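> sequence? don't have it. structure:
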(Lines give C-alpha, C1' and ligand atoms only; values in the text may rest on other atoms or scores of the structure.)
Protein backbone atom coordinates (compact mmCIF):
# COMPACT_ATOMS: atom_id res chain seq x y z
CA UNK A 1 0.00 0.00 0.00
CA UNK A 2 1.43 3.45 -0.89
CA UNK A 3 2.17 6.03 1.81
CA UNK A 4 -1.00 7.98 2.75
CA UNK A 5 -1.51 11.42 1.27
CA UNK A 6 -0.32 14.16 3.72
CA UNK A 7 -3.70 15.89 3.55
CA UNK A 8 -5.42 12.64 4.50
CA UNK A 9 -2.98 12.13 7.38
CA UNK A 10 -3.77 15.63 8.67
CA UNK A 11 -7.49 14.89 8.41
CA UNK A 12 -7.10 11.64 10.38
CA UNK A 13 -5.04 13.34 13.09
CA UNK A 14 -7.66 16.06 13.31
CA UNK A 15 -10.42 13.47 13.76
CA UNK A 16 -8.56 11.94 16.71
CA UNK A 17 -7.57 15.30 18.23
CA UNK A 18 -11.16 16.60 18.19
CA UNK A 19 -12.82 13.41 19.42
CA UNK A 20 -14.73 13.71 22.70
CA UNK A 21 -13.50 11.43 25.48
CA UNK A 22 -16.18 8.79 24.94
CA UNK A 23 -15.27 8.58 21.22
CA UNK A 24 -11.47 8.52 21.46
CA UNK A 25 -11.11 4.73 21.33
CA UNK A 26 -13.49 4.37 18.38
CA UNK A 27 -11.66 7.09 16.40
CA UNK A 28 -8.27 5.54 17.19
CA UNK A 29 -9.47 2.11 16.12
CA UNK A 30 -10.79 3.47 12.83
CA UNK A 31 -7.67 5.50 12.00
CA UNK A 32 -5.03 2.97 13.12
CA UNK A 33 -6.76 -0.03 11.56
CA UNK A 34 -6.16 1.49 8.11
CA UNK A 35 -2.38 1.20 8.49
CA UNK A 36 -1.99 -1.46 11.20
CA UNK A 37 -4.93 -3.91 11.22
CA UNK A 38 -5.90 -5.25 14.65
CA UNK A 39 -8.77 -7.11 16.22
CA UNK A 40 -9.37 -4.81 19.19
CA UNK A 41 -7.91 -1.76 20.85
CA UNK A 42 -7.77 -0.60 24.47
CA UNK A 43 -6.55 2.59 26.11
CA UNK A 44 -5.59 2.74 29.78
CA UNK A 45 -5.11 6.19 31.32
CA UNK A 46 -5.19 7.31 34.93
CA UNK A 47 -6.07 10.84 33.81
CA UNK A 48 -9.69 9.75 33.40
CA UNK A 49 -10.56 8.83 36.95
CA UNK A 50 -14.15 7.96 36.08
CA UNK A 51 -13.44 5.63 33.17
CA UNK A 52 -9.72 4.84 32.91
CA UNK A 53 -10.16 2.25 30.17
CA UNK A 54 -11.49 3.00 26.71
CA UNK A 55 -11.87 0.29 24.09
CA UNK A 56 -13.08 -0.45 20.58
CA UNK A 57 -13.14 -3.35 18.17
CA UNK A 58 -14.31 -6.95 18.50
CA UNK A 59 -16.85 -7.06 21.38
CA UNK A 60 -15.77 -10.62 22.19
CA UNK A 61 -12.59 -8.99 23.50
CA UNK A 62 -13.67 -5.48 24.47
CA UNK A 63 -16.55 -6.63 26.67
CA UNK A 64 -14.22 -8.83 28.74
CA UNK A 65 -11.08 -6.69 29.05
CA UNK A 66 -10.36 -5.90 32.68
CA UNK A 67 -8.62 -2.92 34.22
CA UNK A 68 -6.32 -5.27 36.11
CA UNK A 69 -5.12 -6.76 32.80
CA UNK A 70 -4.40 -3.34 31.33
CA UNK A 71 -2.66 -2.22 34.51
CA UNK A 72 -0.39 -5.27 34.28
CA UNK A 73 0.55 -4.31 30.71
CA UNK A 74 1.15 -0.70 31.78
CA UNK A 75 3.49 -1.82 34.55
CA UNK A 76 5.51 -3.95 32.12
CA UNK A 77 5.87 -1.01 29.74
CA UNK A 78 6.86 1.31 32.60
CA UNK A 79 9.53 -1.22 33.55
CA UNK A 80 10.98 -1.13 30.05
CA UNK A 81 9.58 -4.51 28.97
CA UNK A 82 6.73 -3.98 26.48
CA UNK A 83 5.17 -7.44 26.01
CA UNK A 84 4.66 -9.16 22.68
CA UNK A 85 1.74 -11.05 24.18
CA UNK A 86 -0.48 -10.51 27.20
CA UNK A 87 -3.57 -11.86 28.93
CA UNK A 88 -6.41 -9.77 27.50
CA UNK A 89 -10.06 -10.63 28.15
CA UNK A 90 -8.90 -13.67 30.09
CA UNK A 91 -6.88 -15.20 27.22
CA UNK A 92 -3.30 -14.84 26.00
CA UNK A 93 -3.22 -12.71 22.84
CA UNK A 94 -0.42 -11.25 20.73
CA UNK A 95 -0.34 -7.51 21.38
CA UNK A 96 1.46 -4.38 20.30
CA UNK A 97 1.77 -1.76 23.04
CA UNK A 98 2.53 1.95 22.79
CA UNK A 99 3.24 4.25 25.71
CA UNK A 100 2.85 8.05 25.81
CA UNK A 101 4.46 10.96 27.68
CA UNK A 102 1.25 11.30 29.70
CA UNK A 103 1.69 7.82 31.20
CA UNK A 104 -1.20 6.32 29.22
CA UNK A 105 -0.81 3.12 27.19
CA UNK A 106 -2.41 1.88 23.99
CA UNK A 107 -2.84 -1.88 23.50
CA UNK A 108 -3.55 -3.34 20.07
CA UNK A 109 -4.84 -6.89 20.36
CA UNK A 110 -3.95 -9.41 17.63
CA UNK A 111 -2.22 -6.86 15.35
CA UNK A 112 -1.52 -7.74 11.74
CA UNK A 113 1.25 -6.54 9.45
CA UNK A 114 1.70 -2.81 8.77
CA UNK A 115 0.33 -1.80 5.39
CA UNK A 116 3.31 0.42 4.55
CA UNK A 117 6.87 0.88 5.92
CA UNK A 118 6.17 4.06 7.89
CA UNK A 119 3.01 2.79 9.57
CA UNK A 120 4.67 2.29 12.95
CA UNK A 121 5.72 5.95 13.22
CA UNK A 122 2.29 7.03 12.01
CA UNK A 123 0.53 4.97 14.68
CA UNK A 124 2.78 6.38 17.40
CA UNK A 125 2.09 9.94 16.24
CA UNK A 126 -1.67 9.36 16.21
CA UNK A 127 -1.54 7.76 19.66
CA UNK A 128 0.58 10.53 21.16
CA UNK A 129 -1.91 13.07 19.82
CA UNK A 130 -4.81 11.15 21.34
CA UNK A 131 -3.10 10.68 24.73
CA UNK A 132 -2.21 14.37 24.92
CA UNK A 133 -5.75 15.35 23.99
CA UNK A 134 -7.22 13.06 26.65
CA UNK A 135 -5.06 14.75 29.27
CA UNK A 136 -6.03 18.20 28.00
CA UNK A 137 -9.76 17.43 28.03
CA UNK A 138 -9.53 16.20 31.61
CA UNK A 139 -7.45 19.23 32.62
CA UNK A 140 -10.04 21.59 31.11
CA UNK A 141 -12.54 20.01 33.50
CA UNK A 142 -15.68 21.18 31.74
CA UNK A 143 -18.83 20.97 33.90
CA UNK A 144 -20.39 18.23 31.76
CA UNK A 145 -17.26 16.10 32.08
CA UNK A 146 -17.11 16.67 35.83
CA UNK A 147 -20.72 15.63 36.34
CA UNK A 148 -20.13 12.46 34.32
CA UNK A 149 -16.84 11.70 36.06
CA UNK A 150 -18.26 12.11 39.55
CA UNK A 151 -21.19 9.88 38.68
CA UNK A 152 -19.21 7.29 36.70
CA UNK A 153 -17.94 4.73 39.19
CA UNK A 154 -18.60 1.78 36.89
CA UNK A 155 -14.93 1.19 36.14
CA UNK A 156 -13.94 1.16 39.80
CA UNK A 157 -16.94 -1.06 40.46
CA UNK A 158 -15.66 -3.42 37.76
CA UNK A 159 -12.24 -3.66 39.40
CA UNK A 160 -13.88 -4.35 42.74
CA UNK A 161 -16.11 -7.00 41.18
CA UNK A 162 -13.08 -8.63 39.55
CA UNK A 163 -11.28 -8.62 42.87
CA UNK A 164 -14.31 -10.02 44.70
CA UNK A 165 -14.77 -12.84 42.19
CA UNK A 166 -11.08 -13.76 42.34
CA UNK A 167 -11.11 -13.69 46.13
CA UNK A 168 -14.18 -15.94 46.20
CA UNK A 169 -12.42 -18.44 43.91
CA UNK A 170 -9.31 -18.37 46.10
CA UNK A 171 -11.35 -19.09 49.24
CA UNK A 172 -13.28 -21.93 47.59
CA UNK A 173 -10.02 -23.49 46.37
CA UNK A 174 -8.53 -23.10 49.83
CA UNK A 175 -11.50 -24.79 51.49
CA UNK A 176 -11.47 -27.60 48.93
CA UNK A 177 -7.80 -28.24 49.71
CA UNK A 178 -8.41 -28.35 53.45
CA UNK A 179 -11.42 -30.63 53.09
CA UNK A 180 -9.82 -32.99 50.58
CA UNK A 181 -8.99 -36.55 51.64
CA UNK A 182 -6.23 -37.11 49.12
CA UNK A 183 -3.63 -35.14 51.12
CA UNK A 184 -2.29 -35.70 54.59
CA UNK A 185 -2.66 -32.89 57.12
CA UNK A 186 0.91 -31.59 56.78
CA UNK A 187 0.79 -31.42 52.98
CA UNK A 188 -2.69 -29.80 53.05
CA UNK A 189 -1.46 -27.13 55.47
CA UNK A 190 1.52 -26.31 53.23
CA UNK A 191 -0.67 -25.97 50.13
CA UNK A 192 -3.28 -23.94 52.01
CA UNK A 193 -0.63 -21.60 53.37
CA UNK A 194 0.84 -21.03 49.90
CA UNK A 195 -2.60 -20.38 48.42
CA UNK A 196 -3.54 -17.95 51.19
CA UNK A 197 -0.29 -16.01 50.80
CA UNK A 198 -0.74 -15.69 47.04
CA UNK A 199 -4.39 -14.66 47.47
CA UNK A 200 -3.43 -12.01 50.02
CA UNK A 201 -0.93 -10.51 47.57
CA UNK A 202 -3.60 -10.38 44.84
CA UNK A 203 -6.15 -8.78 47.17
CA UNK A 204 -3.72 -6.10 48.29
CA UNK A 205 -2.62 -5.38 44.71
CA UNK A 206 -6.26 -5.08 43.63
CA UNK A 207 -7.11 -2.79 46.53
CA UNK A 208 -4.15 -0.56 45.67
CA UNK A 209 -5.32 -0.39 42.06
CA UNK A 210 -8.85 0.64 43.08
CA UNK A 211 -7.44 3.34 45.36
CA UNK A 212 -5.02 4.65 42.72
CA UNK A 213 -7.85 4.99 40.19
CA UNK A 214 -10.17 6.70 42.64
CA UNK A 215 -8.03 9.11 44.65
CA UNK A 216 -4.97 11.34 44.67
CA UNK A 217 -3.09 12.42 47.79
CA UNK A 218 -3.79 16.10 48.47
CA UNK A 219 -0.08 16.88 48.78
CA UNK A 220 0.61 15.23 45.41
CA UNK A 221 -2.29 17.06 43.76
CA UNK A 222 -0.99 20.39 45.07
CA UNK A 223 2.57 19.56 43.97
CA UNK A 224 1.33 19.00 40.42
CA UNK A 225 -0.46 22.36 40.53
CA UNK A 226 2.70 24.09 41.75
CA UNK A 227 4.70 22.54 38.91
CA UNK A 228 2.11 23.77 36.40
CA UNK A 229 2.27 27.35 37.70
CA UNK A 230 6.01 27.58 38.35
CA UNK A 231 6.75 29.07 34.88
CA UNK A 232 4.58 32.08 35.80
CA UNK A 233 6.93 32.93 38.66
CA UNK A 234 10.01 32.19 36.64
CA UNK A 235 9.14 33.89 33.36
CA UNK A 236 5.89 35.79 33.89
CA UNK A 237 7.17 38.51 36.17
CA UNK A 238 4.66 37.61 38.90
CA UNK A 239 5.43 36.06 42.26
CA UNK A 240 3.13 33.10 42.95
CA UNK A 241 3.15 32.14 46.61
CA UNK A 242 1.97 28.63 47.50
CA UNK A 243 0.51 27.75 50.90
CA UNK A 244 0.47 23.96 50.98
CA UNK A 245 -2.31 21.85 52.48
CA UNK A 246 -1.58 19.61 55.48
CA UNK A 247 0.46 16.62 54.33
CA UNK A 248 -1.88 14.25 56.18
CA UNK A 249 -5.02 15.79 54.73
CA UNK A 250 -7.72 13.55 53.31
CA UNK A 251 -7.04 12.22 49.81
CA UNK A 252 -8.93 13.89 46.97
CA UNK A 253 -11.26 12.05 44.58
CA UNK A 254 -9.63 12.15 41.15
CA UNK A 255 -12.26 14.39 39.57
CA UNK A 256 -11.95 16.86 42.45
CA UNK A 257 -8.15 17.01 42.09
CA UNK A 258 -8.40 17.60 38.32
CA UNK A 259 -11.11 20.25 38.71
CA UNK A 260 -9.27 22.05 41.51
CA UNK A 261 -6.08 22.34 39.48
CA UNK A 262 -8.01 23.53 36.41
CA UNK A 263 -9.91 26.16 38.41
CA UNK A 264 -6.75 27.49 40.05
CA UNK A 265 -4.80 27.61 36.80
CA UNK A 266 -7.56 29.54 35.05
CA UNK A 267 -8.13 31.87 38.01
CA UNK A 268 -4.43 32.69 38.35
CA UNK A 269 -4.18 33.50 34.64
CA UNK A 270 -7.28 35.68 34.97
CA UNK A 271 -5.79 37.57 37.90
CA UNK A 272 -2.54 37.99 36.01
CA UNK A 273 -4.33 39.81 33.18
CA UNK A 274 -5.10 42.73 35.51
CA UNK A 275 -2.83 45.75 35.65
CA UNK A 276 -0.32 46.21 38.47
CA UNK A 277 -0.55 42.62 39.79
CA UNK A 278 2.82 41.53 41.17
CA UNK A 279 1.89 38.78 43.61
CA UNK A 280 -0.73 36.01 43.79
CA UNK A 281 -1.15 33.72 46.76
CA UNK A 282 -2.61 30.24 46.28
CA UNK A 283 -3.69 28.24 49.32
CA UNK A 284 -5.32 24.83 49.68
CA UNK A 285 -6.75 23.36 52.83
CA UNK A 286 -8.97 20.43 53.80
CA UNK A 287 -11.51 20.41 56.61
CA UNK A 288 -12.15 16.67 56.27
CA UNK A 289 -15.29 17.26 54.21
CA UNK A 290 -14.30 19.89 51.64
CA UNK A 291 -11.31 21.04 49.66
CA UNK A 292 -10.93 24.75 50.44
CA UNK A 293 -9.12 26.91 47.88
CA UNK A 294 -8.16 30.54 48.31
CA UNK A 295 -6.49 32.76 45.71
CA UNK A 296 -5.62 36.41 46.46
CA UNK A 297 -3.84 39.02 44.35
CA UNK A 298 -2.45 42.49 45.08
CA UNK A 299 -4.10 44.09 42.05
CA UNK A 300 -6.56 46.97 41.67
CA UNK A 301 -9.48 45.05 43.18
CA UNK A 302 -11.83 45.22 40.20
CA UNK A 303 -12.34 41.49 39.56
CA UNK A 304 -16.04 40.96 38.85
CA UNK A 305 -17.80 37.63 39.41
CA UNK A 306 -20.06 38.41 36.47
CA UNK A 307 -17.23 38.06 33.98
CA UNK A 308 -17.80 35.13 31.58
CA UNK A 309 -14.51 33.48 32.53
CA UNK A 310 -15.41 33.53 36.22
CA UNK A 311 -18.91 32.25 35.52
CA UNK A 312 -17.30 29.28 33.76
CA UNK A 313 -15.09 28.61 36.78
CA UNK A 314 -18.12 28.82 39.05
CA UNK A 315 -19.91 26.31 36.82
CA UNK A 316 -17.00 23.88 37.19
CA UNK A 317 -17.23 24.13 40.96
CA UNK A 318 -21.02 23.80 40.91
CA UNK A 319 -20.79 20.66 38.75
CA UNK A 320 -19.06 18.99 41.69
CA UNK A 321 -21.52 20.32 44.27
CA UNK A 322 -19.16 23.17 45.22
CA UNK A 323 -19.28 26.94 45.33
CA UNK A 324 -17.08 29.82 44.11
CA UNK A 325 -17.15 33.38 45.44
CA UNK A 326 -15.23 36.51 44.49
CA UNK A 327 -14.50 39.43 46.78
CA UNK A 328 -12.80 42.51 45.32
CA UNK A 329 -11.81 45.60 47.31
CA UNK A 330 -10.57 48.59 45.37
CA UNK A 331 -6.82 49.16 45.85
CA UNK A 332 -6.60 46.08 48.10
CA UNK A 333 -6.90 43.36 45.51
CA UNK A 334 -9.24 40.48 44.76
CA UNK A 335 -9.83 37.12 46.39
CA UNK A 336 -11.43 34.01 44.90
CA UNK A 337 -12.57 31.32 47.32
CA UNK A 338 -13.69 27.88 46.23
CA UNK A 339 -15.23 25.07 48.24
CA UNK A 340 -15.54 21.61 46.68
CA UNK A 341 -17.04 18.74 48.71
CA UNK A 342 -14.95 15.58 48.73
CA UNK A 343 -17.98 13.29 48.69
CA UNK A 344 -20.62 13.28 45.93
CA UNK A 345 -24.15 14.22 46.96
CA UNK A 346 -26.38 11.36 48.08
CA UNK A 347 -28.88 10.86 45.28
CA UNK A 348 -29.79 7.27 46.13
CA UNK A 349 -33.13 8.18 47.71
CA UNK A 350 -34.23 10.03 44.59
CA UNK A 351 -33.19 7.13 42.39
CA UNK A 352 -35.07 4.59 44.51
CA UNK A 353 -38.23 6.68 44.28
CA UNK A 354 -37.81 7.11 40.53
CA UNK A 355 -37.30 3.38 39.97
CA UNK A 356 -40.23 2.50 42.28
CA UNK A 357 -38.31 -0.28 44.02
CA UNK A 358 -39.94 -2.14 46.86
CA UNK A 359 -38.15 -2.64 50.21
CA UNK A 360 -36.95 -6.17 49.34
CA UNK A 361 -35.88 -5.11 45.84
CA UNK A 362 -33.91 -2.25 47.39
CA UNK A 363 -32.14 -4.69 49.72
CA UNK A 364 -31.31 -6.99 46.79
CA UNK A 365 -29.92 -4.07 44.77
CA UNK A 366 -27.74 -2.95 47.69
CA UNK A 367 -26.28 -6.44 47.93
CA UNK A 368 -25.74 -6.57 44.16
CA UNK A 369 -23.74 -3.36 44.43
CA UNK A 370 -21.69 -4.96 47.21
CA UNK A 371 -20.76 -7.74 44.76
CA UNK A 372 -22.65 -10.60 46.45
CA UNK A 373 -23.83 -13.65 44.52
CA UNK A 374 -27.38 -15.01 44.57
CA UNK A 375 -26.43 -17.66 47.11
CA UNK A 376 -24.93 -15.06 49.42
CA UNK A 377 -27.91 -12.72 49.02
CA UNK A 378 -30.28 -15.58 49.84
CA UNK A 379 -28.35 -16.37 53.02
CA UNK A 380 -28.14 -12.69 53.98
CA UNK A 381 -31.86 -12.06 53.55
CA UNK A 382 -33.08 -15.45 54.74
CA UNK A 383 -34.86 -16.27 51.48
CA UNK A 384 -34.42 -18.89 48.74
CA UNK A 385 -32.20 -18.44 45.70
CA UNK A 386 -35.28 -18.68 43.46
CA UNK A 387 -36.81 -15.76 45.36
CA UNK A 388 -33.58 -13.83 44.89
CA UNK A 389 -33.74 -14.52 41.15
CA UNK A 390 -37.32 -13.24 41.08
CA UNK A 391 -36.41 -10.00 42.87
CA UNK A 392 -33.33 -9.59 40.67
CA UNK A 393 -35.42 -9.88 37.50
CA UNK A 394 -37.81 -7.26 38.89
CA UNK A 395 -34.88 -4.95 39.63
CA UNK A 396 -33.54 -5.42 36.09
CA UNK A 397 -36.95 -4.61 34.62
CA UNK A 398 -37.44 -1.45 36.68
CA UNK A 399 -33.91 -0.18 36.02
CA UNK A 400 -34.16 -1.00 32.32
CA UNK A 401 -31.07 -3.24 32.28
CA UNK A 402 -30.40 -6.86 31.42
CA UNK A 403 -27.37 -7.81 33.51
CA UNK A 404 -26.08 -7.82 37.07
CA UNK A 405 -23.11 -5.59 36.20
CA UNK A 406 -25.33 -3.02 34.45
CA UNK A 407 -27.70 -2.85 37.42
CA UNK A 408 -24.85 -2.41 39.89
CA UNK A 409 -23.17 0.24 37.71
CA UNK A 410 -26.43 2.19 37.34
CA UNK A 411 -27.01 2.04 41.09
CA UNK A 412 -23.50 3.30 41.83
CA UNK A 413 -23.97 6.09 39.27
CA UNK A 414 -27.08 7.10 41.22
CA UNK A 415 -25.11 7.34 44.46
CA UNK A 416 -25.93 3.93 45.93
CA UNK A 417 -22.53 2.97 47.38
CA UNK A 418 -21.02 0.26 49.52
CA UNK A 419 -21.48 2.25 52.74
CA UNK A 420 -25.21 2.43 51.97
CA UNK A 421 -25.22 -1.34 51.73
CA UNK A 422 -23.79 -1.69 55.20
CA UNK A 423 -26.32 0.72 56.65
CA UNK A 424 -29.22 -1.21 55.12
CA UNK A 425 -27.98 -4.46 56.71
CA UNK A 426 -27.65 -2.82 60.12
CA UNK A 427 -31.09 -1.22 59.86
CA UNK A 428 -32.72 -4.49 58.78
CA UNK A 429 -31.21 -6.38 61.69
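Perfect, thanks for sending it. Just so it is clear, the model here is predicted, and its values are computed rather than measured.

> only C-alpha atoms for contact and neighbour calcs from this point on.
OK.

> how far away from the center of its chain is stretch 26-38?
Stretch 26-38 sits 24 Å away from the centroid of its parent chain (C-alpha atoms, centre = their mean, to the nearest Å).

> where does the residue lying farthest from the centre of the chain land on pLDDT?
The outermost residue of the chain, judged against the average C-alpha position, is residue 184 (47.1 Å), by C-alpha atoms, centre = their mean. Reported pLDDT at residue 184 in the predicted model: 73.

> show me where the stretch 201-350 of the chain has its helices.
In the stretch 201-350 of the chain, the helices defined using DSSP state H, counting those that start in this stretch lie at 218-235, 254-272, 308-319, 348-355.

> hey, which of those is tucked in deepest?
Neighbour counts (mean count of other C-alpha atoms under 10 Å) averaged over each of those peak at helix 254-272, with a mean of 21.

> could you dump the helices of the stretch 201-350 of the chain to a markdown table with distance to residue 98 and mean pLDDT?
Listed next are these as a markdown table, based on distance: least, C-alpha to C-alpha, whole Å; pLDDT from 0 to 100:
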| stretch | distance to residue 98 | mean pLDDT |
| --- | --- | --- |
| helix 218-235 | 25 | 83 |
| helix 254-272 | 24 | 86 |
| helix 308-319 | 33 | 84 |
| helix 348-355 | 40 | 62 |
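
> now tabulate those in a markdown table and tack on distance to residue 62.
Below are those laid out as a markdown table (distance: least, C-alpha to C-alpha, whole Å):
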| stretch | distance to residue 62 |
| --- | --- |
| helix 218-235 | 32 |
| helix 254-272 | 25 |
| helix 308-319 | 31 |
| helix 348-355 | 29 |
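
> nearest to residue 57, out of these?
Checking the helices of the stretch 201-350 of the chain against residue 57 by C-alpha to C-alpha gives helix 254-272 as the closest, at 27.8 Å.

> what angle sits between that closest one and helix 308-319?
Counting by axes from the mean of the first three to the mean of the last three C-alpha atoms, to 10 degrees, helix 254-272 lies at 160 degrees to helix 308-319.

> and the residue farthest from the centre of the chain, how far from residue 191?
Here residue 184 is placed at a distance of 11 Å from residue 191 (C-alpha to C-alpha, to the nearest Å).

> same question for residue 237.
66 Å.

> over to residue 60?
Taken as C-alpha to C-alpha, the span from residue 60 to residue 191 is 35 Å.

> these two: who's more crowded?
Higher neighbour count among residue 60 and residue 191: residue 191, with 15 against 11, using other C-alpha atoms under 10 Å.

> secondary structure class for that one?
Assigned with DSSP: H, G, I helix; E, B strand; the rest coil, residue 191 falls in the helix class.

> please report the distance of it from residue 402.
Residue 191 sits 40 Å away from residue 402, going by C-alpha to C-alpha.

> check contacts around residue 324.
313-314, 317-318, 336-339 (C-alpha atoms under 8 Å, 6 or more residues apart in numbering).

> residue 119 too?
Residue 119 neighbours (C-alpha under 8 Å, 6+ apart): 35-36.

> need the phi and psi values for it.
phi -60, psi -40 (degrees, to the nearest 10).

> from what I see, residue 64 and residue 91 are in contact.
No. If you go by C-alpha atoms under 8 Å, residue 64 and residue 91 don't touch, sitting 9.8 Å apart.

> where does pLDDT dip in the stretch 51-200 of the chain?
Within the stretch 51-200 of the chain, the stretches with pLDDT under 70 are 51, 138-181, 183, 200.

> if we go to 90?
Across the stretch 51-200 of the chain, the ranges flagged by pLDDT under 90 are 51-55, 59-60, 62-72, 74-75, 77-83, 89-90, 101-104, 114-122, 125, 129-200.

> which parts of it are strands?
Here the stretch 51-200 of the chain has its strands, by DSSP state E, counting those that start in this stretch, at 53-57, 85-88, 91-99, 105-109.

> need the winner for burial among those strands.
Buried most deeply of those, by mean count of other C-alpha under 10 Å, is strand 105-109, with a mean of 26.

> quick revisit: and the two most separated of the contacts of residue 324?
Within the contacts of residue 324, two members stand farthest from each other by C-alpha to C-alpha: 318 and 336, at 14.6 Å.

> return the residues in contact with the residue lying closest to residue 246 once chain neighbours are set aside.
Counting by C-alpha to C-alpha, 6 or more residues apart in numbering, residue 285 is the residue found nearest to residue 246 once chain neighbours are left out, at 6.9 Å. Taking C-alpha under 8 Å, 6+ apart, we find residue 285 in contact with 244-246, 249, 291-293.

> relative to residue 232, how far out is residue 285?
Residue 285 is 22 Å from residue 232, where distance means C-alpha to C-alpha.

> could you do residue 297 as well?
Residue 297 sits 14 Å away from residue 232, going by C-alpha to C-alpha.

> what's the answer for residue 251, then?
Taking C-alpha to C-alpha as the measure, residue 251 falls 27 Å from residue 232.

> what's the answer for residue 26, then?
Going from residue 26 to residue 232 by C-alpha to C-alpha gives 37 Å.
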